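Asks: Generate coordinates for the sequence data below:
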Amino acid sequence: MTKHESTQTQLSDPIFDAEQKHLSQTYAKLTDLSHITAQKLETSARLAAQDKEAMAEELTSNFATDDDILETLADFEAVNRIIAGYNLSQTVEAEKLAALEVLLRQPYFAKIDVQFKPDAPAKSLYLGTAGISDENYKRLIVDWRSPIAEVYYNQEIGPTSYVAEGRTINVDLLIRRQFDITRDTLHAYFDTSVAIEDSLLLASLSHQRSAHMRDITATIQKEQNNVIRHKDVPALLVFGIAGSGKTSVLLQRIAYLFYQERETLDPSQVYLITPNEVFAHYIDSVLPDLGERNPEMMTWDAFAQTLLPEGRGVGDASVPLSRFTEIDQALSSFEFDAHDFRDITLHGVRLISADSIRKLSEKYNRAPAGPHRVTLMREELTSRLEGRLKAMAATEAAQLEAASLEVNEQLALFNETFDPQTEEEARSLTLTYLNSKFASAFALVERDEWLRIDRIGMRLLHTDGLTSVEWLYVKMAVSGLCNTEARYVMVDEVQDYSVAQLAVLAKYFRRAHFLLLGDPNQAINKTSSSYSEIAEVFNRAFGEVARADLMTSYRSTPAITELFAKLARHDDHLKITSIQRQEQVPVQISCPDEQTWINTLREAVYSAEQKEGLSAIIVPFKDAAKRIQKALGKDAPKLLSERGSLPESGVVMLTLKLAKGLEFDRVIVPDASERTFPNNDLARRRLYTTISRATRELTIISEGALTPLLDD
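Replies: From the prediction side, this is the model:
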């Protein structure tokens, strides 16, 4: 590896000078393109507004004859095409401007010289977080997600290859050069070939932690790249140790998919299931910084509550997978009875009776009692509801009700006051009113709330009550409830979900492909799933599960990594490695009494407050935080709430549940006694997770003897 920095002694370096010259020229071109694109957007918007106004004035509606109707419709279609053209042009230019804004912060981070044929000259390509061409369509910067960029991430100087449009292309990689760049200034360049010598990675890891995660585009390592560019499969299960960049890889994978399927994939079709809202805040700037929109992000609780009946909590999710197998088997011979339906009632008006729904079920009894029959019933119930409202609109009572609305309500609803001149007009206006009043009744039908899911589920399972997760599965199994639009679902910290929760996700997002990332050693819940159980859930749902491992820690110093590696399962810790530089050795302090413990903790907090970056006191549960707040009084850091976000710097206290997936410059473990971390497997995983949040410094304190889990 060679390294060249912008210092007085290196000013004569011809490579440095040439690269700085190239950077200056590229930056100037990007600046010009940015100005030109912004002007195009402004001009296009102005012309579009003028044309729309002119077309609106010229456009007339004439429906007198069939020919007039056809001509009018043709005029409307022509106008719509012109408007669509303007919108498309605006979108393309806006996306280009967004890419340029990203590149102006750092035009590129690497360069590769590749030779396609032995006798051909080498081609230099500069890689950045977005791709851009000049006005003559000459490629200035290659997007890191493009096929040829794979040779950079393969980290193999010499003969290598990449795949483009299903074809393997062999090339000779002559130079793999990394840059440390800020805007138009080159600070240093590095010629590297292997991951352990990745100078940009080490420099990136030395940055202080803040309230938001950074993207790793410039420092993606080979094993991470294998996951990011993994072929599309129904389910990919990733085992990554603490600090291996699982979440970063997940986000880069999303960005990669957006690039690969940019014509067809919308962010609304990608779902990210996050451990908590603190974590969602922590990662919410990564994709926007790459010029991409965030996917749909939600916690399990938020997901479940959108589907559960109002007022019903998410409850206990520790249900064995066998319960769902029992539901599926029982449904194959199941038949509805009269008590499985409920009236469709709104505002005290019974719109459709349960008995009518029962008779409708009997009408379709040739279809099994399940999604097919429920779909047929739902469609007819919607039609019957429309008919019911039309019949009501003809009644004097409904018309009087519409006429008695306040004048402002009438204007909002009818664009005029209620003053029908004919019986037909009276029915029409009243129907408009009833459709507004009973609009949510159609939603009740669409959500199949005329089905008594609790009773159906209890009959299927021969039980006297359903947990919320069982209710969700029964609803999906009986009604076919699912999201057919979702194409990708990403689950971070997958080991912390129960098999029942994962089975519900797999059934609800049945047409999506899943990326599941986690670390069995960080399974901190009693209901956590083993990797074999996770594989079983998705094997059952999709028939196959691909597997990838991330066994290098990029987060913590070697000493911290060694400490949490000792807490890993025996078959894992032998593989765990760190590439960080060594810093302060972890401090372990055993306090003989409570007052000594309080004083020691106070000193540790004060010391952390004097240092730059972000520090954390991590406690297992909220009751431990209350004890610390009582002991330290006004000196106690504020406890982070479940809906909070991290500060940019300073010291924060948070529970282990909220600390999952986060990282801090220094971590204080306030009480690592056997009382807090007893000698069992669950406590071992909780301690492993706590310790592995630290990147540089770790202080472990206990009141009394340290937990035996820390014994060599």
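Asks: Send over stretch 166-179 as PDB, restricted to the C-alpha atoms.
Replies: In PDB, the C-alpha atoms belonging to stretch 166-179 read as follows (Å, rounded to 0.1, in the frame of the first residue of the first chain):
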ATOM      1  CA  GLY A 166     -26.100 -11.700 -17.000                       C
ATOM      2  CA  ARG A 167     -22.700 -11.800 -18.800                       C
ATOM      3  CA  THR A 168     -19.300 -12.200 -17.000                       C
ATOM      4  CA  ILE A 169     -16.800  -9.800 -18.200                       C
ATOM      5  CA  ASN A 170     -13.100 -10.500 -17.500                       C
ATOM      6  CA  VAL A 171     -10.800  -7.500 -17.000                       C
ATOM      7  CA  ASP A 172      -7.400  -6.700 -15.600                       C
ATOM      8  CA  LEU A 173      -7.400  -4.300 -12.700                       C
ATOM      9  CA  LEU A 174      -4.200  -2.300 -12.800                       C
ATOM     10  CA  ILE A 175      -4.900   0.400 -10.200                       C
ATOM     11  CA  ARG A 176      -7.200   0.500  -7.300                       C
ATOM     12  CA  ARG A 177      -6.900   4.000  -5.900                       C
ATOM     13  CA  GLN A 178      -8.800   5.600  -2.900                       C
ATOM     14  CA  PHE A 179      -9.200   9.300  -2.300                       C
END
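Asks: dump the residue contacts of Trp450.
Replies: Listed by CB atoms under 8 Å, 6 or more residues apart in numbering, the contact set of Trp450 reads 341-344, 352, 354, 357, 381, 444. (Glycine included, C-beta is placed from N, CA and C.)
Asks: how close does it get to Pro678?
Replies: Separation of Trp450 from Pro678 (CB to CB, to the nearest Å) stands at 51 Å.
Asks: List the ones among the contacts of Trp450 that fall in helices.
Replies: Within those, residues falling in helices by DSSP state H are 354, 357, 381, 444.
Asks: top of those residues by neighbour count?
Replies: For the ones in helices among the contacts of Trp450, neighbours were counted by other CB atoms under 10 Å; the highest total belongs to Leu381, with 24 neighbours.
Asks: That one is in contact with Leu444, isn't it?
Replies: No. When contacts are counted by CB atoms under 8 Å, Leu381 is not listed as touching Leu444 (9.4 Å).
Asks: where do the contact lists of those two overlap?
Replies: 344, 450.
Asks: For this protein, which residue occupies the most central location?
Replies: By CA atoms, centre = their mean, the mean C-alpha position of the chain lies nearest to Leu272, the distance being 2.7 Å.
Asks: just checking, what packs against the helix or strand Arg540 falls within?
Replies: Under the criterion of DSSP states H and E, Arg540 resides in helix 531-542. For helix 531-542, the packing partners by 3 or more CB pairs under 8 Å, 6 or more residues apart in numbering; DSSP states H and E come out as strand 235-240, helix 321-331, helix 499-508, strand 513-518.
Asks: Would you tell me which strand is longest in the protein?
Replies: Taking DSSP state E as the criterion, the chain has its longest strand at strand 167-182.
Asks: Could you please name the strands it pairs with and the direction of each pair?
Replies: According to DSSP bridges, strand 167-182 has the following sheet partners: strand 110-115 (antiparallel), strand 158-164 (antiparallel), strand 185-191 (antiparallel).
Asks: Could you say which of these is packed most deeply?
Replies: Among the strands paired with strand 167-182, strand 110-115 has the highest mean neighbour count (mean count of other CB atoms under 10 Å), at a mean of 20.
Asks: Just the CA trace of that strand, in CSV.
Replies: The C-alpha trace of strand 110-115 is given here as CSV (Å, rounded to 0.1, in the frame of the first residue of the first chain):
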residue,chain,number,x,y,z
ALA,A,110,-12.0,6.0,-5.8
LYS,A,111,-10.5,5.3,-9.2
ILE,A,112,-9.9,2.1,-11.0
ASP,A,113,-7.7,1.6,-14.1
VAL,A,114,-9.0,-1.5,-16.0
GLN,A,115,-7.8,-3.1,-19.1
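Asks: residue boundaries of the helices in the stretch 1-150 of the chain?
Replies: Applying DSSP state H, counting those that start in this stretch to the stretch 1-150 of the chain gives helices spanning 14-58, 66-105, 150-154.
Asks: Pick out the shakiest of these, pLDDT-wise.
Replies: Of all the helices of the stretch 1-150 of the chain, the minimum mean pLDDT falls on helix 66-105 (a mean of 72).
Asks: that older thread, export the strands paired with strand 167-182 as TSV, with columns for mean pLDDT.
Replies: Output for the strands paired with strand 167-182, formatted as TSV (pLDDT from 0 to 100):
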stretch	mean pLDDT
strand 110-115	96
strand 158-164	93
strand 185-191	90
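Asks: Which one of the ones you listed lies nearest to Lys660?
Replies: With CB to CB as the criterion, Lys660 lies closest to strand 110-115 of the strands paired with strand 167-182, at 32.0 Å.
Asks: gap between stretch 446-456 and the chain center?
Replies: Between the centre of stretch 446-456 and the centre of its chain there are 30 Å (CA atoms, centre = their mean, to the nearest Å).
Asks: Can you give me the end-to-end span of that stretch?
Replies: Taking CA to CA, to the nearest Å as the measure, stretch 446-456 stretches 18 Å from start to finish.
Asks: what comes up buried for that stretch?
Replies: By 16 or more other CB atoms under 10 Å, the buried positions in stretch 446-456 come out as 447-448, 450-454, 456.
Asks: picking that back up, and the angle for the longest strand of the chain with helix 14-58?
Replies: Using axes from the mean of the first three to the mean of the last three CA atoms, to 10 degrees, the direction of strand 167-182 lies 100 degrees away from that of helix 14-58.
Asks: Quick check: mean pLDDT of strand 167-182?
Replies: 94.
Asks: Report the distance from it to the chain centre.
Replies: Chain-centre distance of strand 167-182: 30 Å, with CA atoms, centre = their mean.
Asks: Would you mind listing the buried residues in that strand?
Replies: Neighbour-count burial for strand 167-182, counted by 16+ other CB under 10 Å, picks out 169, 171-173, 176-181.
Asks: Check stretch 336-351 too.
Replies: Buried residues in stretch 336-351, counted by 16+ other CB under 10 Å: 336, 340-342, 344, 346, 351.
Asks: In strands, which of these appear?
Replies: Applying DSSP E to the buried residues of stretch 336-351, the entries found in strands are 344, 346, 351.
Asks: Below-threshold pLDDT in the stretch 501-650 of the chain: ranges please.
Replies: Along the stretch 501-650 of the chain, segments meeting pLDDT under 70 span 570-583.
Asks: what are the ranges of the helices in it?
Replies: 531-542, 558-566, 570-573, 594-609, 622-632.
Asks: Which among these is found nearest to Val651?
Replies: helix 594-609 (5.0 Å).
Asks: what angle separates the closest one from helix 622-632?
Replies: Relative orientation of helix 594-609 and helix 622-632, computed by the same axes, to 10 degrees: 90 degrees.
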